[in-house]
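Enquirer: here are the coordinates; sequence isn't available:
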């Protein structure tokens with residue numbers, strides 16, 4: 001059993017209850033870990049200590065970096081702008097293909113080398129001139145309290161909050177979390193329960209419920225990513241079912257990103273996803289009624305770019321993370337036919353491009 005974090009990084013949580021046998025059940029996510037004193041949940045950062053469930057990673061991160069917002073990926077939320085990104089350690093799923101496994105699967109607090117309070121992060125975001133802060137690299141659901149406190153501080157400066165998440169969260173925690181999130185990219189990892197159970201160690205239904213909740217009950221801008229893994233979740237039947245569900249339950253304007261798999265962590269026996277598979281998935285999704293479907297982790301400008309759903313005009317051209325064209329009016333409409341583009345846009349695009357800068361948070365700590 002691993003030791004707990006230094007006490008200054010431990011904060012109490014509220015999504016838990018005591019069982020008849022004396023164990024405490026964490027109610028943050030559908031895993032419902034049942035813990036005795038000193039034990040941690042599968043996520044690693046939530047633990048049973050002194051008769052309550054605590055978060056052990058508050059105020060500690062694995063690093064901070066300014067990214068293009070398109071890298072999250074978010075294509076319809078403040079395009080071209082920089083976003084301050086950070087994560088912590090651990091995860092509440094166990095995806096065999098995880099491409100951030102060194103962070104999300106970490107069981108060592110040595111991963112969390114950077115100390116940064118919510119106030120420091122907000123102050124840094126303002127000073128650096130970013131439009132938003134991303135809770136990413138590992139799932140922000142598991143550092144729920146740290147996210148919310150940071151988002152509250154960021155709002156004081158007009159800084160938006162972005163969650164990059166698998167959406168694996170319970171109803172009560174979901175309701176609180178998304179009060180403070182302005183945009184989210186949710187990984188819909190597959191569209192079968194078998195994949196979620198076998199490959200991710202979780203369940204599909206809670207993720208679908210999160211997607212419907214965000215779309216129907218919040219003002220949070222929503223985009224979806226599905227990593228296509230050859231032979232696992234890339235069949236025409238599954239992609240057809242997934243995209244029809246998105247159109248029916250969420251609407252045709254929700255952007256969907258099909259991204260390429262690269263062998264990693266515990267799934268090194270699968271080949272990389274060919275571009276042709278991403279193109280086929282994109283075409284099928286478009287035929288099923290989705291208006292904005294993208295390809296990722298490959299160089300394919302057509303699949304990166306945004307087109308008017310009414311007249312077909314190129315609205316936002318993209319070459320990797322660089323904007324190559326912009327044909328939107330100041331109020332976010334097609335310059336050719338006037339059809340509105342779903343999303344959150346400034347009058348003009350940002351010019352951040354593909355730059356990526358590590359940030360030393362010590363510069364912004366209070367003295």
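Expert: Sure thing, it's come through. These figures come from a predicted structure and were not determined experimentally.

Enquirer: can you give me the helices for the protein?
Expert: Along the chain, counting by DSSP state H, helices occupy 101-104, 118-128, 144-155, 171-177, 193-195, 205-217, 236-245, 275-287, 301-304.

Enquirer: Would you point out which residue is most central in this protein?
Expert: residue 164 (1.1 Å; CA atoms, centre = their mean).

Enquirer: Quick check: bridge partners of that one?
Expert: Beta-bridge pairing for residue 164 (DSSP bridges): residue 185.

Enquirer: show me what contacts the residue nearest to residue 133 when sequence neighbours are not counted?
Expert: Counting by CB to CB, 6 or more residues apart in numbering, residue 133 lies nearest to residue 84, which is 4.9 Å off, once chain neighbours are set aside. (Glycine included, C-beta is placed from N, CA and C.) Listed by CB atoms under 8 Å, 6 or more residues apart in numbering, the contact set of residue 84 reads 64-66, 121, 124-125, 128, 130, 132-134, 359.

Enquirer: now residue 190: how far from residue 233?
Expert: According to CB to CB, to the nearest Å, residue 190 and residue 233 sit 4 Å apart.

Enquirer: Find residues that contact each of the two.
Expert: What both residue 190 and residue 233 touch, as defined by CB under 8 Å, 6+ apart, is the set residue 226.

Enquirer: Per the annotation, how does this structure divide into domains?
Expert: 7-55, 61-358 (automatic domain parsing).

Enquirer: picking that back up, which one of the helices of the chain lies nearest to residue 339?
Expert: If you check each of these against residue 339 by CB to CB, helix 275-287 wins as the nearest, at 16.0 Å.

Enquirer: list the helices and strands the closest one packs on?
Expert: strand 221-228, helix 236-245, strand 256-260, strand 293-296, helix 301-304 (3 or more CB pairs under 8 Å, 6 or more residues apart in numbering; DSSP states H and E).

Enquirer: Tabulate the ones you listed (CSV), appending distance to residue 270 and mean neighbour count.
Expert: Listed next are the helices and strands packed on helix 275-287 as CSV, based on distance: least, CB to CB, whole Å; neighbours: other CB atoms under 10 Å:
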stretch, distance to residue 270, mean neighbour count
strand 221-228, 11, 23
helix 236-245, 16, 17
strand 256-260, 12, 23
strand 293-296, 17, 22
helix 301-304, 21, 18
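
Enquirer: Of these, which is nearest residue 88?
Expert: Judging the helices and strands packed on helix 275-287 by CB to CB, what sits closest to residue 88 is strand 221-228, at 20.4 Å.

Enquirer: This completes my enquiry, with thanks.
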